[in-house]
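Participant: Sharing a sequence plus its predicted fold:
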4 protein chains.
Amino acid sequence: MLMKTQKVAVVGASGYSGEELVRLLLSHPHVELAAVTSRQYAGQSLAQVFPKFAHHPRARGLHFSEPKHELLAKQAEVVFLALPHGVAAEFAKPLLDAGCRVIDLSADFRLKNAGTYREFYGHEHPAPDLLAQSVYGMPEIRRAEIAKAALVASPGCYPTSILLPLYPLLKAGLVHQNGIIADSLSGVSGAGRKPELDYLFVECNESVRPYGVPRHRHISEIEQELAAAAERPVTIQFTPHLIPVNRGILTTLYLDPAKEFQGGRLKEFEQKVASCFQAAYGQEPFIRLLNDKNLPDTKNVVGTNVLELAWRLDPRTERLLLFSAEDNLVKGASGQAIQSLNLMCGWPETAGLL
Amino acid sequence: MLMKTQKVAVVGASGYSGEELVRLLLSHPHVELAAVTSRQYAGQSLAQVFPKFAHHPRARGLHFSEPKHELLAKQAEVVFLALPHGVAAEFAKPLLDAGCRVIDLSADFRLKNAGTYREFYGHEHPAPDLLAQSVYGMPEIRRAEIAKAALVASPGCYPTSILLPLYPLLKAGLVHQNGIIADSLSGVSGAGRKPELDYLFVECNESVRPYGVPRHRHISEIEQELAAAAERPVTIQFTPHLIPVNRGILTTLYLDPAKEFQGGRLKEFEQKVASCFQAAYGQEPFIRLLNDKNLPDTKNVVGTNVLELAWRLDPRTERLLLFSAEDNLVKGASGQAIQSLNLMCGWPETAGLL
Amino acid sequence: MLMKTQKVAVVGASGYSGEELVRLLLSHPHVELAAVTSRQYAGQSLAQVFPKFAHHPRARGLHFSEPKHELLAKQAEVVFLALPHGVAAEFAKPLLDAGCRVIDLSADFRLKNAGTYREFYGHEHPAPDLLAQSVYGMPEIRRAEIAKAALVASPGCYPTSILLPLYPLLKAGLVHQNGIIADSLSGVSGAGRKPELDYLFVECNESVRPYGVPRHRHISEIEQELAAAAERPVTIQFTPHLIPVNRGILTTLYLDPAKEFQGGRLKEFEQKVASCFQAAYGQEPFIRLLNDKNLPDTKNVVGTNVLELAWRLDPRTERLLLFSAEDNLVKGASGQAIQSLNLMCGWPETAGLL
Amino acid sequence: MLMKTQKVAVVGASGYSGEELVRLLLSHPHVELAAVTSRQYAGQSLAQVFPKFAHHPRARGLHFSEPKHELLAKQAEVVFLALPHGVAAEFAKPLLDAGCRVIDLSADFRLKNAGTYREFYGHEHPAPDLLAQSVYGMPEIRRAEIAKAALVASPGCYPTSILLPLYPLLKAGLVHQNGIIADSLSGVSGAGRKPELDYLFVECNESVRPYGVPRHRHISEIEQELAAAAERPVTIQFTPHLIPVNRGILTTLYLDPAKEFQGGRLKEFEQKVASCFQAAYGQEPFIRLLNDKNLPDTKNVVGTNVLELAWRLDPRTERLLLFSAEDNLVKGASGQAIQSLNLMCGWPETAGLL
């Protein structure tokens, strides 16, 4: 089958997520990378800013341009926005009006409720009328909706590592919707490519620290999606930590079995958890269920679009533990966004990602 | 006041904890480091094995010897055992019989119950008759007992990072004794100085992974001590993770307020927690209560005997979070053991540790 | 053009070079990975030993087998040997006799002189009769010979980083063949996947150290190849250092201009150096000449088969400095070996490597 | 002997060198740390900015103040300047006029020649009249001068690692003064505590790169001091590299034996080198001569004021290699400055440094 090539642009291509998008799109079999923009580097070639792309045949001639939506709408059929929240929304509207499809990697279109956005992001939503049409771009959960969407809100890195393990269990009613704890460890690229003292090598190396507790912004989209799975409100505890690796998120989740399994039915619960994961993800190309003794390790997924997932029932505490590992820049950002692109364009979902 | 110098020996001085003991004892104002033993390096000078000690005036002439209790008993008044569990107990008995005081850094004398030891360590306790007289060497909790002890069982690294934050709250009945979760991140030195594939640089660098779940051996001593604080059985959830730093443990604890505070009295609870920590640790030389916006960071404690401690009440989940940071080899091992030494010898508790 | 697929085996696939070979071959468009062997892991699946390969469609069903040349000769047309020196030669002979083509990543067939081998490797060469037919597999230098070879000796990691910058300058007679200094910095994967104390995370992290001076084994192949370029004997100074990164070699080279340029003709010399590199490597797909202000950085080449190369003339010392950066496991080992495979099979040289 | 305590101030105490000065001075037995200044943090307590000092008894009450020389002159008898070059000179003059003794850690008073300063630092020297009285503060070389100095220019980190190995050999005429190459590897703290993109964790971790070639500013002071040793002009080649460790400099030096030893007298040369180092440094408290098989390793010196030094004669190239390792912030900056303080105040040279 001959696939139609699509022209694609990346707005905000000089941050870590943008750079990773460029890396993946340069090797994508059905994509022509038509434009990359960056206020800071406008006029410079892609290879000057990122020498590692200099050798890619398709990088030749690519230069960073100023981000202008009129021009982008002429250059590309699909536009990725790798911009800070607040700014992304300003680009989305005119691009959609001009007929582009938009995949936004910021938080601007992830929340369905503009009030929740204001509460967690501290300013009014810049384009609340678009919230209804945006689709939360988690392919394993919303494949069909993504395929038809004009505006995809690609999930955050922490939410991906938390939602994928939790979603099927909550949907199946196997675990209690209350009392969920998500303890996450993230590499420093999650903080972005910004010259701030806190993220200097010397400040991060040989350092481990929690931050953003108890109310990190990502809680808002996590609870929205978990509520959709559980069909009732869900409140979670989320604690992010910064650790000295470039990439990778490791999340440990603590859950209580649903009431019906508490007491004597833990064996049955354990089997149902295994079956539930197998049914939900056994055939998923980017979720690796660790059915054996292994536990997730970020080094097994860094550079890939795979999320590793393992679970353990603790008979002493009667609690279920889930563990996930992902590359925060790939499955947690750019890779997942390309999964959505593939769905939107009718290409194999794994195109450019294996 | 003129302090009497004590002759001290370190058995098993070539592991990471032993090395750190030697580092601290070489600079201790009241200690004469009389002997260091190592099966592997017997005959070599301290400076040959650890070049960094070569420049210390008091390291001159020190050679590793074979560990022989008859000789040690003649050389030293206090003996530190930095040996694997099982082996430590074999040395403790004859040394105690010969009149030495013993500070054991292994797990051999931490548990009061030989059955629990068998359950968690997989073999019979080698000297169960000594369990009754050993004192769990956590100075902030058992200062008086340690001062009089002949046999001190110095706590494990994870337990220290978990017990110090929890102990006063459980003792004061401020938090629920059930449902406690301890999520810990440890540097690689915690795995010891053993040539194993899993701890090679390439296997640990750019890697984050949980391990030893759900039943790490340290749970046994943690629950024993927490039960002593709560005056009732306590079952905890404990998840250790390995992260690519040399040293440091960061522990995040999740707790429920005691029943009486649930519902409308969270403000009061928060104040009582702050007061409780202030009363328990406000004057402690090695516990730093972070009363401001700061959260613990291992880089602030590495190389010191200080444990950083912070707490946050989450109004959304009505849960209390505690955070602690320590150097696993100092406050989590050798530094804490020297605190016990200071107490046993009647020296200032901070001698050699500031 | 339809390319014929070749069946390929990797002997010794559980070391770091072997693992990287497997990673690259699994994605190679013209290769069928027919067998992977490992004494240590025989019987286990590829995915059990390296979870990161579990998701690759072509990894399914692959199991490590015991390395047996009779079987290998039936399974594969081309065999990669990723074995320790001395052992590799034992496999090469029967495989060649059975009609396989062999690409050896060890040092066994790199030296033309069995006496030099004995001198540098400390034992008799196990198959000296094969030395005459082996080809030193540096594609940029010996493309035509490699294409026809039955036995390719793929270069060492340090030699690649040193030879590629030096070769064209010596061949053109632009620099003095005496007094060359190569100062190299290598990531820890260069030491192999062996459980040794020196390569533990804690021993390498926050450590920088020279080793193997003044007579590292790689000097033998470096001098052999430089002599071929200069058409006279060359003696070099080579100092390797171990630095705490997983991958990457950065080499700094110090050279004197040829006598004719010393004194007043440095400007001309500088231009000739630039022209020489442009002529030699301007069209090479895997050598990136940095003509601008940039200097090589290992992070720009890690994971790729590219070697970055820059040069600076120091007018104060009248010395030429060359800088190269490569991934020691790709361009310095497995990637370069696959370049040879591509040449041997008549495929595009970049197949599976971009 | 009762030592008189001196009041000491640190100007620019919030950079990495300043922080390290504070760490060492807080534990110095004869120093009262009377003032610490920082434009950025003026008004904040030392413990707020550097939580790790919060537990030091002598840190209590210390607050950062605005740097004002009138006030400093009243508060302190000795003032350390840990400021950028250019700025330091502005403080030195009024402080000296007010009778303070000044130890400057910047480059402002290291060069005797204001023209060389202009050439290497790109601006006119701000206080050229002070150059004649300043003493280059390398205690092992200029002990007596430092003791009497009012203004000490403490050496740079790279120069320390290069000068200490070279000085005695050049002074003794054992090595050729031409053709010296210094290849240095530095941890990231050497770049200072500045929020710049190049020094972000993600940009430095898993990266190795040369920089500042071929004319790094430190060359000027290195050549000045080497010329003093050799009693003739010396031109060196110096290549710094950035490597992903917090602290530590490893320098490899390449030298030619003096003419008289070339040809057949290498054995004699080797013995003279060993004797020369033994005579020069055998009794030095902060230089560790590695006479055995060991080579320097930064992890053996980090956190200490010790410089490790080893040498190898390469019989193949007839070249002498020297290797040194130091902590760039201690022996390469703050520790060495305190050595000077000790000399200036008549205290034991090791006070506060062992």
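Facilitator: Arrived safely, thanks for sending. Source: prediction; values computed, not measured.
Participant: Help me confirm that A:Gly153 comes into contact with A:Gly137.
Facilitator: Careful, residue A:153 is Ala and not Gly. Yes - shown here, A:Ala153 and A:Gly137 form a contact pair, counting by Cβ atoms under 8 Å, at 5.9 Å. Yep, even glycine has a C-beta here, placed from its N, CA and C like the rest.
Participant: all strands for chain A, in order.
Facilitator: Ranges of strands within chain A are A:6-11, A:31-37, A:64-65, A:78-81, A:101-104, A:135-136, A:151-153, A:180-186, A:209-210, A:236-242, A:249-255, A:287-289, A:307-314, A:319-326, based on DSSP state E.
Participant: in chain A, which spans are helices?
Facilitator: Secondary structure of chain A by DSSP state H: the helices cover A:16-26, A:46-49, A:69-75, A:87-97, A:114-121, A:139-148, A:157-171, A:201-204, A:218-230, A:266-281, A:335-345.
Participant: what's the last one packed up against?
Facilitator: Counting contacts by 3 or more Cβ pairs under 8 Å, 6 or more residues apart in numbering or on different chains; DSSP states H and E, the secondary-structure elements packed against helix A:335-345 are strand A:6-11, helix A:16-26, strand A:78-81, strand A:101-104, helix A:139-148, strand A:151-153.
Participant: Figure out which of the ones you listed is closest to chain C.
Facilitator: helix A:16-26 (9.6 Å; Cβ to the nearest Cβ).
Participant: what sits up against that closest one?
Facilitator: A:8, A:10, A:12-13, A:31, A:33, A:36, A:38, A:46, A:50, A:53, A:56, A:58-59, A:80, A:82, A:105, A:189, A:192-193, A:329-330, A:333-335, A:337-338, A:352-353, D:202 (Cβ atoms under 8 Å, 6 or more residues apart in numbering or on different chains).
Participant: So for that helix, mean pLDDT?
Facilitator: Computed over helix A:16-26, the mean pLDDT rounds to 97.
Participant: Ok, stretch A:38-49 next?
Facilitator: For stretch A:38-49, the mean confidence score works out to 95.
Participant: list the buried ones in it?
Facilitator: Going by neighbour count (16 or more other Cβ atoms under 10 Å in any protein chain shown), the buried part of stretch A:38-49 is A:Ser38, A:Tyr41, A:Ser45, A:Leu46, A:Ala47, A:Gln48, A:Val49.
Participant: Who are the contact partners of the closest residue to the third one other than its chain neighbours?
Facilitator: Taking Cβ to Cβ, 6 or more residues apart in numbering or on different chains, and ignoring the residues beside it in sequence, A:Ser45 has A:His63 as its nearest neighbour in space, at 5.1 Å. Remark: with contacts taken as Cβ under 8 Å, 6+ apart, A:His63 is in contact with A:Val36, A:Gly43, A:Gln44, A:Ser45, A:Leu46.
Participant: Now for the closest residue to A:Ile338 other than its chain neighbours, how many residues are close by?
Facilitator: Nearest residue to A:Ile338 in three dimensions, chain neighbours excluded: A:Leu24, at 5.5 Å (Cβ to Cβ, 6+ apart). By the criterion of other Cβ atoms under 10 Å in any protein chain shown, A:Leu24 has 21 neighbours.
Participant: How much space separates A:Leu24 from chain B?
Facilitator: 20 Å (Cβ to the nearest Cβ, to the nearest Å).
Participant: who wins for proximity to chain C among the strands of chain A?
Facilitator: Nearest of those (Cβ to the nearest Cβ): strand A:287-289, 5.7 Å.
Participant: Quickly check: the lowest-mean-pLDDT helix or strand in chain A near chain D or not.
Facilitator: Least confident helix or strand, chain A: helix A:46-49 with a mean of 93, by mean pLDDT, DSSP states H and E. No - using Cβ under 8 Å from any Cβ of the partner chain, helix A:46-49 never reaches chain D; the gap is at least 11.2 Å.
Participant: re the thing from before, what subset of the contacts of helix A:16-26 is buried?
Facilitator: Looks like the contacts of helix A:16-26 have A:8, A:10, A:12-13, A:31, A:33, A:36, A:38, A:46, A:50, A:53, A:56, A:58-59, A:80, A:82, A:105, A:189, A:193, A:329-330, A:333-335, A:337-338, A:352-353, D:202 buried, using 16+ other Cβ under 10 Å.
Participant: ok, so what distance separates the residue nearest to A:Ile338 from C:Phe286?
Facilitator: 21 Å (Cβ to Cβ, to the nearest Å).
Participant: ditto for A:Val36
Facilitator: 24 Å.
Participant: got the CA positions of stretch A:152-163 in PDB?
Facilitator: What follows is stretch A:152-163, C-alpha atoms only, in PDB (Å, rounded to 0.1, in the frame of the first residue of the first chain):
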ATOM      1  CA  VAL A 152      -5.100  16.600  19.800                       C
ATOM      2  CA  ALA A 153      -3.800  17.500  23.200                       C
ATOM      3  CA  SER A 154      -0.900  15.100  23.700                       C
ATOM      4  CA  PRO A 155      -0.600  14.000  27.400                       C
ATOM      5  CA  GLY A 156       2.100  15.100  29.800                       C
ATOM      6  CA  CYS A 157       5.000  13.000  30.700                       C
ATOM      7  CA  TYR A 158       4.000  12.200  34.300                       C
ATOM      8  CA  PRO A 159       0.400  11.600  33.400                       C
ATOM      9  CA  THR A 160       1.400   9.100  30.700                       C
ATOM     10  CA  SER A 161       3.400   7.100  33.300                       C
ATOM     11  CA  ILE A 162       0.500   7.100  35.700                       C
ATOM     12  CA  LEU A 163      -2.600   6.800  33.500                       C
END
